[in-house]
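Q: Coordinates for the following, if possible.
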Amino acid sequence: MTHPTLLVIAHGSRDPRHAATVHALTERVRAERPGLRVETAFLEFNAPSVPRVLERLAAQGADEVVALPLLLTRAFHAKTDIPSVLREARTRLPGLRVRQADVLGPSPLLDATLERRLREAGVRPGDVPRTGLVLAAAGSSDPEAIAVIAEIARELRHTGWCAVRPAFASASLPRTEDAVRALRAEGVDRVAVAPYVIAPGRLPDRIAAGAEAAGADVVADVLGPAPELARLLLDRFDEARVPVGAPLSA
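A: Below you'll find the predicted structure:
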């Protein structure tokens, strides 16, 4: 093959909506760039696994793969799990060049996807100055990942929202419901919750439940297979491509 294969690596979930959303996103990526081979693999819960897909690609004659973590921040999976799986694959499949792309966030294209989902949920441009926004992420024990979410919230504050607060579904505080209530206590008239999560599952459901329990006015959908997100995957793929013969990173 003359062009690298794009291998999108998702975490996986017992919730069937997760894999369905990941596959819908990769289908959109294929439509955005006809001729590019795009494969999907999962770290756990769903098939196919990353090692099985890489083995199949090698057996079919692929010589270069760009492995793209379907992750919004550089936390444990991006720093440890995926690099470990790819290192093992390089050892077992010496003829297959495997390059790990960067995670998706932060990016203006993610901000545009959030805006799309909020607009679809009913937030109009005229609502923004009187609306407080809760940026609700999955959560992580990694301080770097939490700092990135907090910085994104600070940047969003400059786009017209009267207030923006980060929140997390697990591992970190505050929870979504606490962030919504804090905005109410500050006198914010209208509160919208934007899940900073790619696909449905247990944690996005927890975000939605917290938002409803605290009386949020608007709850947007997950990022999902948005066109902006598909373009971001292609951007990360292009950034990770290297000339044949260039050194590989772990």
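Q: for the chain, what spans make up the helices?
A: 16-32, 50-59, 76, 82-92, 108-120, 143-157, 176-185, 202-213, 227-240 (DSSP state H).
Q: of all these, which lies closest to Ala220?
A: helix 108-120 (4.0 Å; CB to CB). For every residue, glycine as well, the C-beta is placed using N, CA and C.
Q: what residues are up against the nearest residue to Arg231 once chain neighbours are set aside?
A: Take Arg231 and drop its neighbours on the chain: the residue closest to it by CB to CB, 6 or more residues apart in numbering is Leu109, 5.9 Å away. Neighbouring residues of Leu109 by CB atoms under 8 Å, 6 or more residues apart in numbering: 228-229, 231-232, 235.
Q: From those, keep the buried residues only.
A: 228-229, 231-232 (16 or more other CB atoms under 10 Å).
Q: Greatest separation within the residues you listed: which pair is it?
A: Leu229 and Arg231, at 7.3 Å, using CB to CB across the buried ones among the contacts of Leu109.
Q: Give me the contacts around the helix or strand of the chain with the lowest mean pLDDT.
A: Ranking every helix and strand in the chain by mean pLDDT, DSSP states H and E puts helix 76 at the bottom, with a mean of 81. Helix 76 has contacts (CB under 8 Å, 6+ apart) with 140-142.
Q: got it, and stretch 158-172?
A: In contact with stretch 158-172 (CB under 8 Å, 6+ apart) are residues 111, 128-141, 146, 149-150, 152-154, 156-157, 174-176, 178-180, 182-183, 186, 188, 193, 197, 203-204, 206-207, 210.
Q: close enough to count as contact, Arg117 and Pro225?
A: No: contact criterion CB atoms under 8 Å: Arg117 and Pro225 do not qualify, at 11.6 Å.
Q: State the number of residues packed around Ala112.
A: 16 (other CB atoms under 10 Å).
Q: for the closest residue in space to Arg175 that isn't next to it in sequence, what are its contacts?
A: Nearest-residue entry for Arg175: Gly210, 5.6 Å, with adjacent residues in sequence omitted and distances by CB to CB, 6+ apart. Gly210 makes contact with 136, 167, 169, 175-177, 180, according to CB under 8 Å, 6+ apart.
Q: ok, now Thr113?
A: By CB under 8 Å, 6+ apart, the residues touching Thr113 are 223, 226, 228-229.
Q: Let's have those residues in JSON lines, adding pLDDT.
A: What follows is those, written out as JSON lines (pLDDT from 0 to 100):
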{"residue": "Leu223", "pLDDT": "98"}
{"residue": "Ala226", "pLDDT": "98"}
{"residue": "Glu228", "pLDDT": "98"}
{"residue": "Leu229", "pLDDT": "98"}
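Q: Now the two most distant members of these.
A: Once CB to CB is applied, the contacts of Thr113 give Leu223 and Glu228 as the farthest pair, at 8.6 Å.
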